[in-house]
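> my questions concern the predicted model and sequence given below.
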Amino acid sequence: MTATTPGSSALTAGLHDRILAPLVLGGAVRPVHAIGVRAALALDGAAPDGPLAALVRAGRMRAARRIVPVDTVPDPGRAEWALAAALNDVFQSVSPAFATPLRRGMARRILGAAEAILDRTARAKTAAEALGRHCWFSRLFELRRTDTTVSWWIGSQTFAGEEPPARLRAWPEVRHVTVTKKRGSLFDLEPLAVPREQVVRAMIAFFSRSPLTDFATCTRNEPPFAWSPFTVGFVAEPVGRRLALRAVALSPAGAGAVDDALGRATRTIEPSEGLAMAQVLRFLGERALAAAIAPDRASADGSLPSDAIFARALGAFAARTSVVEGGDGGWPASERSRLLTELDAAMAKDRDVESFVQAYGLG
Amino acid sequence: MLDRIALHQTRLLTPGLGRDGSGVALGSKGVILLPSVDRLVGLLAVYCRSRSLEDVLPSLALHIVRSDVGTREIALECAAESSDRMDGLAEAARLVGGLTFTGTSRHFVRYRDGAAPFGYDASELVSSEAPFVFYDDRSSQAFAIERAIDFRSLLLGLMLRSSHSKEDAGPRLFVAEPGLGPALVHYLVRSEVAGEAYVAEWPPESALDDAPTRRWILRVPDLPARMRPLLRTTPGIRCFHPAGPGVAVEAGFRHPIELRACPVFDPGGLVFLRAGAEPPWIVDRVPPMGELASLARIELRATWEAPALPDPARGVEAEGVHVPLRVVASSKPTRRVTASFLKRSELPLLRRLAYALPRASIERTEIALTAHGAYLRSSAGIEAIPLGAFFVEVRPNLHVPVGHEVVPAVAPDVLARAMGVSPSRVLFVGTDARAVAVDNGAFVPLELVLLEAPPSEEAYGEALASSVAAAPIDLETVPIGLFPLRGIDTPRAGD
């Protein structure tokens, strides 16, 4: 750990109180001034002490214990501060104040700096690190900006992410004042000074640094979940695979939506990436096996999208292979027979899975 | 010494030993021999945990027995009744290291065990006059009874064990010292807690005391959880949990033996088992208890003026000599200045003086608040509170102003009888000869009404709630400043 300067201490305190704490506990996220690459990568030190820090610690612990029964979560290190700084710069870049012809370039530079920070931030090397990062950013996709439109009898005005002044709401009866609030995610913001695809790209880069958050939010719309070297690498390890399985199982969208996202992402894996497909198959296989052991926990196949059926069939194929190859595997004969029947039924929903797998040189 | 009994054996040598319906050798009595009292307590604790002693109690006898060689043992004797009962006793005895025997009058053989499912018979009898001759597989030994142990006394003599179980709802009994009783009743009534109360009396604790010891006993069926810590920790109030019919155990403790399985206490009485080495409080007969609500009226009644009632003993002739009572100044030395009267205008002075009063004075002083003012009394003298008009106690519950006497100069007892003084009514005769009667129950310890405790505030609920609630996350727009790109460096490839 390097020595921290007073300036960086103030910056980490600001990032903690204005970015990280609201992301854990909820409340208003108020970005600090754009930070930049060099300053972001130099940030280090422990989180500040105080009542807010204690609440944040409790909130992180709660997020962690949803997935794994741990008693401590790691304090933020250089990588976590850099991720927080990158998020701060992303939030700054989407500020409506930049949506003027002379300032758009500034927003792009700030967002470019955020992408550069993310590129230079170390990936999570252990499952504990991934869990620690997920505790900070597990609620990132709940972030919304409230845009308030105040209209009155001769005009209207929109206030993006800020409260309209009281004078505009005065005499509501006489002036026919109407206040409309609209909450939008980071990818629905208007006006936006930077290209929307650049924001999506930055968030993809962010997820590559917090793979557990990537799995936990796999049912999101933007950016859609995709298998990357980081996520595949994460599930290649048994511990990471177990954490990822628990994270996706806790998705509020339900098992069907999770399978849909996983199936869609799996279809896009290139045939040349057989090794990655092998890890993905193992992940899907364990998920299918868990569903077969407790069939009531999985949602019914009745109205599932084709991608979800594909993911389940693929997982059933992988699970069946492992059950058959593993001999009795410690299963009682009756239970093994029931499992194979369940897996066969899931496989039968999509007959193309065998040819799909063979295309990768597997099976 | 012992022979195992075979399946179809009919002839048994031990007198009084027979075979019950299942073929087990059984006498009319069972005896358990235990090496010490703590094993006896252990046996009872183990047995009572799953069974009641109710059917054993009528025939139960505990003896300290002594053998020929001088060793002392404890013998628990009871009617054998059936092999089922004896099996239960034998299992419990085996756990605590006791030996189980059965027999009828004097000769007792080992009760059956795993080695002899039908029991044992003595191979040869010992000639002895001792009340107990025990035949074991290796030896026979005679025991004489040294003395008996009363089962109830044993239960009362055992010290309670601390219990760490969480306090739960349920009926509670409170024993309050006389000074705290009325205040406790008022507190419970004000908090809308239902219950019953009565005042129990015990004989004086020593020959030096001439008055019986009185304590308030309150039975509260369901005490709110918020009041439990206060009543458990207030000195002078002791909390008990009913542990069986007619017996209660101090809160936070438990008796080593399950008392519900030992119906030796009179359900009409009440025994309070106290923690530590303190002997139990025993109330032989619990009178009908009064509702708390009917006992809580401690406000002063309206000023009572004693009517001049004719004395029926004297008849009509006495009316001709009645004279009104007068209170006149007196030069006699004053004694027993034990009460005072403070007008309402003087109460602020008392409040200010309270900060300067020594603890002993506050402790001993009682106060009754009335519509006119406050009456204070202290058996050790009221001069420590130099406020108001002082009164001399000429007779218990009868007070006249200091430096005054009543005329006609009748004896205090006559005066008291004429004015209708009773133990429940304290009379204050003013300088204008008007008498004010104050209910004795209206006097409460000054220290109980003196302190106005600030209300406590709950301070932790909000923080906990805010940490648990998942508030929405809102992105606020903040000013970008004059130089939004300050500090933004353009990274070079390879940085």
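Cool, got the structure. Numbers count the residues shown, from 1 in each chain, chains lettered A, B, ... in the order given.
> where does residue 179 land in three-state SS?
All of this refers to chain A. Put simply, residue A:179 is strand when judged by DSSP: H, G, I helix; E, B strand; the rest coil.
> wrong chain, I was asking about chain B
Look at residue B:179: counting by three-state DSSP, its state is coil.
> next, the contact list for it, please.
Neighbour list for residue B:179: B:236, B:445 [criterion: Cβ atoms under 8 Å, 6 or more residues apart in numbering or on different chains]. Any C-beta I mention is one placed from the backbone N, CA and C, and that applies to glycine too.
> at 7 Å instead, please
Contacts were defined as Cβ atoms under 7 Å, 6 or more residues apart in numbering or on different chains; by that measure residue B:179 touches residue B:445.
> check the one 4 residues further on too.
If a contact means Cβ under 7 Å, 6+ apart, then residue B:183 has B:444, B:448 as its contacts.
> for it, pull up the helix or strand it's in.
Remark: residue B:183 resides in helix B:181-190, with elements defined by DSSP states H and E.
> can you name the residue of chain B nearest chain A?
Chain B approaches chain A most closely through residue B:471 (2.9 Å), counting by Cβ to the nearest Cβ.
> got the confidence number for that residue?
pLDDT for residue B:471: 84.
> look up phi and psi at it.
Per-residue torsions, residue B:471: phi -80, psi 150 (degrees, to the nearest 10).
> if we can go back for a sec, check which residues of the helix holding residue B:183 are buried.
By neighbour count on 16 or more other Cβ atoms under 10 Å in any protein chain shown, the buried set for helix B:181-190 is B:181-189.
> on that earlier part again, distance check, the residue of chain B closest to chain A against residue B:171.
To residue B:171, residue B:471 is 45 Å away according to Cβ to Cβ, to the nearest Å.
> which positions in chain A make contact with chain B?
Residues of chain A found near chain B (Cβ under 7 Å from any Cβ of the partner chain) are A:22-23, A:25-31, A:33-39, A:55, A:58-59, A:91-92, A:95-98, A:106, A:109-110, A:113, A:116, A:139, A:142-146, A:160-162.
> on that earlier part again, and the closest residue to the residue of chain B closest to chain A other than its chain neighbours, what pLDDT?
Taking Cβ to Cβ, 6 or more residues apart in numbering or on different chains, and ignoring the residues beside it in sequence, residue B:471 has residue A:26 as its nearest neighbour in space, at 2.9 Å. The predicted structure scores residue A:26 at 91 on the pLDDT scale.
> helices of the stretch 351-495 of chain B, start to end?
Assigned by DSSP state H, counting those that start in this stretch, the helices in the stretch 351-495 of chain B fall at B:359-364, B:412-419, B:446-450, B:461-468.
> residue A:294 is nearest to which of those?
Closest to residue A:294 of these, according to Cβ to Cβ: helix B:461-468, at 29.0 Å.
> just the helices in the stretch 51-200 of chain B please.
Listed in chain order, the helices of the stretch 51-200 of chain B (DSSP H, counting those that start in this stretch) span B:83-96, B:151-157, B:181-190.
> rounded mean pLDDT for the longest one, please.
The reference is to helix B:83-96. Here the average pLDDT along helix B:83-96 is 90.
> now do that helix: distance to the chain's middle.
35 Å (Cα atoms, centre = their mean, to the nearest Å).
> per-domain residue ranges of chain A.
A:1-142+A:196-206, A:145-184, A:218-363 (automatic domain parsing).
> could I get the ones you listed in JSON lines, plus columns for mean neighbour count?
Output for the domains of chain A, formatted as JSON lines (neighbours: other Cβ atoms under 10 Å in any protein chain shown):
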{"stretch": "domain A:1-142+A:196-206", "mean neighbour count": "20"}
{"stretch": "domain A:145-184", "mean neighbour count": "14"}
{"stretch": "domain A:218-363", "mean neighbour count": "18"}
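> worst mean pLDDT among those?
domain A:218-363 (a mean of 84).
> tell me the spacing between the residue of chain B closest to chain A and residue B:413.
Distance from residue B:471 to residue B:413, by Cβ to Cβ: 79 Å.
> any low-confidence regions in the stretch 251-400 of chain B?
Across the stretch 251-400 of chain B, the ranges flagged by pLDDT under 70 are B:296-320.
> just want the residue of the stretch 101-250 of chain A that's nearest chain B.
residue A:161 (3.3 Å).
> typo on my end, the stretch 1-150 of chain A
When distances are taken as Cβ to the nearest Cβ, the stretch 1-150 of chain A reaches nearest to chain B at residue A:26, 2.9 Å away.
> am I right that that residue is in contact with residue B:470?
Yes - the pair residue A:26 / residue B:470 is scored as a contact, 5.7 Å apart, by Cβ atoms under 7 Å.
> tell me which element residue B:341 falls in.
strand B:337-343.
> how about residues contacting that strand?
The contact list for strand B:337-343 (Cβ under 7 Å, 6+ apart) reads B:350, B:373-379, B:381-383, B:385, B:387-393, B:399, B:402, B:428.
> OK, contacts around residue A:269?
Taking Cβ under 7 Å, 6+ apart, one finds A:227, A:276-277, A:280 in contact with residue A:269.
> how long is stretch A:163-178 end to end?
Terminal residues of stretch A:163-178 are spaced 14 Å apart (Cα to Cα, to the nearest Å).
> what residues of the top strand by length along chain B count as buried?
As assigned by DSSP state E, the longest strand anywhere in chain B is strand B:140-149. Residues of strand B:140-149 classed as buried by neighbour count (16+ other Cβ under 10 Å): B:140-143, B:149.
> can you check stretch B:36-53 too?
Those would be B:39-48, B:51, B:53, for stretch B:36-53 by 16+ other Cβ under 10 Å.
> out of these, what pair is the most spread apart?
Farthest pair in those (Cβ to Cβ) is B:39 and B:51. Separation: 18.2 Å.
> relative to residue A:258, how far out is the closest residue to chain B within the stretch 251-363 of chain A?
Among the residues of the stretch 251-363 of chain A, residue A:252 lies closest to chain B, at 11.7 Å counting by Cβ to the nearest Cβ. To residue A:258, residue A:252 is 10 Å away according to Cβ to Cβ.
> what do you get for residue B:173?
60 Å.
> these two touch, right, the residue of the stretch 101-250 of chain A closest to chain B and residue B:477?
Yes - at 3.3 Å, residue A:161 counts as touching residue B:477 under the criterion of Cβ under 7 Å.
> and the helices in the stretch 101-250 of chain A?
For the stretch 101-250 of chain A, the helices defined by DSSP H, counting those that start in this stretch occupy A:104-120, A:127-137, A:172-175, A:196-209, A:211-216, A:229-236, A:238-249.
> name the residues of chain B found near chain A, please.
Residues of chain B lying close to chain A (Cβ under 7 Å from any Cβ) are B:466-467, B:470-478, B:480-481, B:484-485, B:487-489, B:491.
> which residues does the nearest residue to residue B:487 once chain neighbours are set aside contact?
In space, and not counting its chain neighbours, residue B:487 is closest to residue A:36: 4.6 Å by Cβ to Cβ, 6+ apart. The contact partners of residue A:36, by Cβ under 7 Å, 6+ apart, come to A:113, B:487-489.
> ok, now residue B:250?
Counting by Cβ under 7 Å, 6+ apart, residue B:250 touches B:160, B:238, B:240, B:273-275.
> nearest to residue A:15 among those residues?
Nearest to residue A:15 among the contacts of residue B:250, with distances taken as Cβ to Cβ, is residue B:275, at 57.4 Å.
> who's in contact with residue A:344?
By Cβ under 7 Å, 6+ apart, the contact set of residue A:344 is residue A:320.
> could you rerun that using 10 Å?
Neighbouring residues of residue A:344 by Cβ atoms under 10 Å, 6 or more residues apart in numbering or on different chains: A:316-317, A:320.
> for it, what are phi and psi?
Dihedral angles of residue A:344 (phi, psi; degrees, to the nearest 10) stand at phi -60, psi -40.
> so where's the stretch 51-200 of chain B uncertain?
Ranges of the stretch 51-200 of chain B meeting pLDDT under 70: B:166-167.
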